[in-house]
Every structure is written in C-alpha cells, then in structure tokens.
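Novice: Give me a 3D structure for the following:
(one chain, ligands or ions: 1)
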Amino acid sequence: MIKEVFKPNPEFAKNARIKNMCEYQALQDAAIRDYEGFWGSYAKEKLDWVEPFHTVLDESNFPFVKWFEGGKLNVSTQCIDRHLDSRKNKAAILFEGDRGDKQTITYLDLYYNVNRFANLLKNEFGVKKGDRVVIYMPMIPEAAYAMLACARIGAIHSIVFGGFSAEALKDRIEDADAKVVITADGAYRKDKPYMLKPVVDEALNGKTSVERVLVVERNNEEVNWVEGRDFSYNELIKKQSNECEAEAMDAEDPLFLLYTSGSTGKPKGVQHNQAGYILWAQMTMEWVFDVKENDTYWCTADIGWITGHTYIVYGPLSMGATTVMFEGVPTYPDAGRAWKMVQDYKVNQFYTAPTAIRVLHKMGEHEPLKYDLSSLKVLGTVGEPIDPSAWKWYYEEVGGSRCPIVDTYWQTETGGHVISPLPGATPIKPGCATLPLPGIIAEIVDKDGNKKEHDETGLLCITRPWPSMIRGIWGDKERFIKSYFGDVKQNGRGVYFTGDGALYDEDGYITITGRTDDVINVSGHRMGTAEVEAALAKEDEVAEVAVVGKPHPIKGEGIFAYVVMKHSLKDSRFESYEAIEKELNEMIKKEIGNIALCDDIVFVPGLPKTRSGKIMRRILRSIAKGEEITQDISTLEDPSIVATIKSLVK
Ligand code: PRX
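Specialist: All right, here's what the predicted structure looks like:
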C-alpha cells in the first residue's frame, strides 16, 4: 500500500540537529563501521564523568552486556548540577495541578529540592546505595524529586503507576524487596481529591520488607497513620540541608526497576542501569524532539510508565530543557484543557499517546482552532500504532499541517526511542515509525535471523546491544534470557526480540504490526493476558478463562474475556450474568486496577483446545473481532465448540 509522504519543512530542517537524510545515513554508517567508536565518542561528549570509562562495550557475558565499564558518574548530577552554571534560573519543571495551581521549579530549586529529599532518605530512613525504594505517587513535582533523590544516593527506584491496586503494588514491593515506599496522601483528578495512601496501607498489611513510608501531603485529606512507619514529607523535609553529595556510581550500577507485563501472570521487573540509559535518554531528546535552549516541552505521560521516566524526567533534564508536568487529565474541565496549556506555556514539542489523540479528537474536532498553537514545532506519539484518521487530525488540526509528527516506537525494555522519524530529516508517513535511529541496529527477520523482504511480516529485533537496553529482569536471569533472546538466533547467537511483528515497506521503512505474544495494548498500556486471566480465575465460580485483545475505537485494544463457569447460573451463588460480570470486574480492580477492566465478558461452555489441552487463542481473537474462522479447527478436541462460542458473542 502506497502511503502519503510528508517531507520535512525546509525552514525547520535548516536549524535541526539532523538536517537531512544524508546526515542521518552518515551517522548510521558511522555506527555500523565503528560501533564502539560511535557510542564511545557520544558517551564522552554528552556525559560528565567522575571517572572515565576504559571499555565501551563488553559482550563477553552476552546477553549480560556492560557499557562504559570503569566509568563513574551520577545521574542526578547529569540532570541538575551540571546545568547550574548556565541555567540555574531556567525553569526545569513547569508544574500545573489539576485545579490550575502552578509552580515553576528552576534548576536551582530542583537542586535544593532533590538534595533535601536525598538527605531525608539517607539520614532519616537510612537508605543506602542499592536499596530499593518504591514510588507510588501522583503527577506532582515531588515524584520527580523522589526519583532524582534516589539517583543521587544510588538507591534503586521502582515506580508503580498510581492506578495499580493494592495487590499489584504489594507484588511489586515484594518482588523488589523494597525498604521504603514514597507516596502521597492523594492528589486531585477532575477537581476532586482521590487517595493513594490507603492503597499503600492495604499493600503493606501483613509481613513486609518495608520499614518506612514517606507521605507527601498533597490534598490534606485525612489518612491513617502507622506510628513509627509513616512519616510526613512536609515535616521532615524542613530539617534537611540543601547540599547532598552525589554518590559516584559505576556505569553499570542499577538506576531503576520498572515492572511491565510479559506473557506470564507475573510482571517483570525491567532493570535499567546508569550511564547507558541516561546517555540515550539525552541523545533521543535532542535528536527526536529537537528541543532547543529556549523551548518548552510537554509529554503528557504518567511517571508510572517508561515514557514518564525517560521523557518527562531523565531525558529533558539531562539535556537542560524545560519540561511541563501535569497532574490532571487533558480533557478536564473541557476538551480544550490540553490546547489551553499549549497556548499558555507556549509549548514547542507536544508528546502524547494515540489514545489521548483519539479522545481529544472525539471530544472536540475543531477545539484546537480556538487556541493559539503557533508555538508548536514537533508533535510526537508513543505507545501504540496510530491510525490514519487520528494521525491526520493531529497533523492538520493540532499541528496546522506545519509540524512533523514523530511516531516513536520503543518499549520499557529499550529505555528510549529506537525507531522514529527525525523531525528535520525523515519524510514521514502516517502510522509508520519509519527508520531505526542512528546507532540502533534494528532488523525485521525470521526465526533464523534472515532479513525479511518488503511487505513480509517478520519479527522485529535489535541485533546489536545498545546502551539503554534492559540489563535484566530483577531476580530472574533465566527469564531475562528466555524472554528476550530465546526466540530468534542470528549467527548462532540469540538476538533481542521485541515481541512485535513488523514489516518493511518499499522504501525500507518499518511499520509495526503489533505484538506476536500474549500481550495486549490497552490505551498504550501494556497488559499481559495471563495477568488478567489470573485475576479472573481468583473468582471461585470461574472454572477456566481466556483473555484476548479486541480492536477498540478509542483505547486501541480492549480486553475481551471468555469465561467458563463451574456451575450453571442456576446452581451458582449469582442471580444473573450481570452480577457475575460485576463481580469479575471487581476482582480485576482488586488484583490489578481499573486499567485492566474487561470491555467484554462472554460466558461459554468450554474453550477451543487442542487435544494436548492448549487453548487456541487465535480462534478466540478471530471470534472477538467478528472475523470468519479461516484456520483449521479439525485438530481441536471438540471442533463444535467454535460454532457454540460464535453464537454467544454478539
Ligand atoms: O507493541 C509495541 C507498542 O508498545 C509496546 C511497548 O509497551 P511499553 O513497554 O509499555 O512501552 C510503551 C511506551 C514506549 C511495544 O512492544 N508500541 C510502542 N510504541 C509504538 C508501539 N506500537 C506501534 N507504534 C509505536 N510507535
């Protein structure tokens, strides 16, 4: 299929860091010619080292690779201290609360706030290098201070998205064996207070590794207080000194864990380390968003996801940019909130998810026209494929047909963008992530590592280690090897497989076709079907359950569950199927959180299984989508079940 191509605006390209495709190709050729030379020179140029590294890349223990060995640095210093000479009065964070309250945090303010926070953790709670600190916070500046304070003293933070339930939080606390939890009483959403601290209380019920809970008082609602365990940030912070020496960290010391979904019921604690991560966070900020010294950049993600880590906090601050942080929802009080903020802050780069674009489009087709959006220079999308109609609206109505859209493909595991247009160089096509960034060797291959021809779907792999790649799954080396390096081999060695299918078009551009595993993408959030199934199976009356994704007009994918009950409705304790559905969704809320609620629940007498007992999910996916069943069903234990299930799905 030939897609429309949009060339970079020559005026923009003139001042861009990468100005044309020749420059892009020259960089990529340089990386291929001398991979270590390429990365080594950027690591020297972009990072401030306490001690220089002696080895760029050590692959001797592949896939456990080491970048920039021998080097010592501190990530909070990269993000704050080194900007103080030239940018101390520049806004580092522009915060806007749900209710419109505003704060400007300069780099000097950030320095003091982070140092005080680091001192608090160190001196009051005894947090040491290598300790795990769970952060369960709303989108307020203290969340960023907490991350940077951990980085300053070498503690490993693990942020848990504020929408996760107590059970999900508990699992993550336990897996990381965390010593401290940082939270808030709550925050505001749609002008109303909501609570986080009670969820932490529930998660810590019973035996726990957590010794201290630090509570930022944001909405001042009444919360339960456990004597000796819970402490008020607002009180303790007053006593802390403004100076805290930054710990010199080895390039490969862990920086953070971030739990994400895989193909089993247990989330994976993705580990990122210091130097490689921060290097790529900074480089991609500069290349992909092309942020300039006086620009204001806004990413609407939540810090609970990798996008918030890399592109609200670490990336923008490491390059000395001004980053907007927003507590509320972009559609409240009305569909113009986001556009008003773009106008008021004169935002130059705006980065959001296709789901948000679809919602904003639906709520206000011409709403952007009511605001002055002329400051915008680059628009970005992340997390899921963007459909042509959302792309077109974003390009025309929001960007005034003037701004390039960078469709950034990446993952929690890649740390930063890996496939994306460069706004001054790459001709873009709607819905296409285009080309690997310089230094990223991404290929679409078959299981033996042979490159696919164009228009043939294959497995999207990154065939050489890159600095910001995942370094491990916390506490599970085998799972790390098996999850990422077990499916595809090239020249006798496992290569990193993203889990996504993709294809090359006639120009060699890469289009992502979606996950090849049992992971679905709900509103840009990654959800393992096995996790949802495990939650549903906790309901007593459930005998068996299978969960698949189904296209959804706003969320991209919705969750579709097939449930087999132990008893007939008559013999169960429920009065109606609606009552069971309600109970099942309550179970999901309890086990995972609202983000995993099912869009459809269908009660079926059995599931399509092979004679060896394997559930044929492909058939269930096709039925959910209303597609004809084309696959061979004769190998099923009971082929007639397919027609039965079909008749039950509306
Ligand atoms: O399937 C891909 C999809 O999101 C997955 C990664 O999810 P997560 O680790 O939660 O990180 C999301 C934010 C980086 C990928 O495996 N994905 C991400 N970006 C795109 C995408 N699918 C299509 N186009 C994209 N630009």
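Novice: C-alpha only now, for contacts and for neighbours.
Specialist: Fine.
Novice: which residues in the stretch 351-500 of the chain form helices?
Specialist: Per DSSP state H, counting those that start in this stretch, the stretch 351-500 of the chain carries helices over the ranges 354-363, 388-393, 477-485.
Novice: Pull out the buried residues from the first one.
Specialist: It refers to helix 354-363. Going by neighbour count (16 or more other CA atoms under 10 Å), the buried part of helix 354-363 is 354, 355, 356, 357, 358, 359, 360, 361.
Novice: and what of the last one?
Specialist: Of all the residues in helix 477-485, those buried under the rule 16+ other CA under 10 Å are 480, 481, 483, 484, 485.
Novice: of the residues you listed, closest to the ligand?
Specialist: residue 484 (11.7 Å; CA to the nearest ligand atom).
Novice: check contacts around the closest one.
Specialist: Residue 484 makes contact with 495, 496, 497, 498, 499 under the criterion CA atoms under 8 Å, 6 or more residues apart in numbering.
Novice: Hmm, residue 485 and the first one touching each other?
Specialist: Going back to what we said before, that points to residue 495. Yes: if you go by CA atoms under 8 Å, residue 495 and residue 485 touch, sitting 5.2 Å apart.
Novice: quick one: terminal-to-terminal distance for stretch 212-230?
Specialist: Distance across stretch 212-230, first residue to last, is 6 Å (CA to CA, to the nearest Å).
Novice: Give me the distance from it to the chain's centre.
Specialist: Relative to the centre of its chain, stretch 212-230 is centred 28 Å away, using CA atoms, centre = their mean, to the nearest Å.
Novice: list the buried ones in it?
Specialist: The neighbour-count check on stretch 212-230 (16+ other CA under 10 Å) flags 212, 213, 214, 215, 216, 217, 218, 223, 230 as buried.
Novice: Show residues contacting that stretch.
Specialist: Applying CA under 8 Å, 6+ apart, the external contacts of stretch 212-230 come out as 125, 142, 179-188, 193, 197-198, 201, 211, 231-234.
Novice: Next, name the residue at the spatial heart of this protein.
Specialist: Compute the mean C-alpha point of the chain, and by CA atoms, centre = their mean the closest residue is residue 306, 3.2 Å away.
Novice: Report the contact partners of the closest residue to it other than its chain neighbours.
Specialist: Excluding the flanking residues, the one nearest residue 306 by CA to CA, 6 or more residues apart in numbering is residue 412, at 5.4 Å. By CA under 8 Å, 6+ apart, the residues touching residue 412 are 258, 260, 270, 305, 306, 307.
Novice: Go ahead and confirm the first one touches residue 267.
Specialist: No: in terms of CA under 8 Å, residue 258 does not count as a neighbour of residue 267; the distance is 9.5 Å.
Novice: out of these two, which sits in the busier spot?
Specialist: For residue 258 versus residue 267, the count of surrounding residues by other CA atoms under 10 Å is larger for residue 258: 25 against 21.
Novice: Can you list the low-confidence ranges for the protein?
Specialist: 1-2 (pLDDT under 70).
Novice: Get me the contact residues on it for the ligand.
Specialist: Neighbours of the ligand within the chain, by CA under 6 Å from any ligand atom: 307, 382-385, 407-412, 433, 500, 512, 514-515, 525-526.
Novice: Save the contacts of residue 412 as CSV, and put in secondary structure too.
Specialist: Formatted as CSV, these follow (DSSP: H, G, I helix; E, B strand; the rest coil):
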residue, secondary structure
258, strand
260, strand
270, strand
305, coil
306, helix
307, helix
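Novice: Longest helix in the chain, please.
Specialist: helix 577-591 (DSSP state H).
Novice: Now that helix - C-alpha only, CSV.
Specialist: The C-alpha trace of helix 577-591 is given here as CSV (Å, rounded to 0.1, in the frame of the first residue of the first chain):
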residue,chain,number,x,y,z
TYR,A,577,-24.8,-12.9,34.4
GLU,A,578,-24.6,-9.2,35.0
ALA,A,579,-24.0,-9.8,38.7
ILE,A,580,-21.1,-12.2,37.8
GLU,A,581,-19.7,-9.7,35.4
LYS,A,582,-19.8,-7.1,38.1
GLU,A,583,-18.0,-9.4,40.5
LEU,A,584,-15.4,-10.3,37.9
ASN,A,585,-14.6,-6.7,37.2
GLU,A,586,-14.4,-6.1,41.0
MET,A,587,-11.8,-8.8,41.1
ILE,A,588,-9.8,-7.1,38.4
LYS,A,589,-10.0,-3.8,40.2
LYS,A,590,-8.7,-5.5,43.4
GLU,A,591,-5.9,-7.6,41.8
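Novice: Cool, thanks, talk later.
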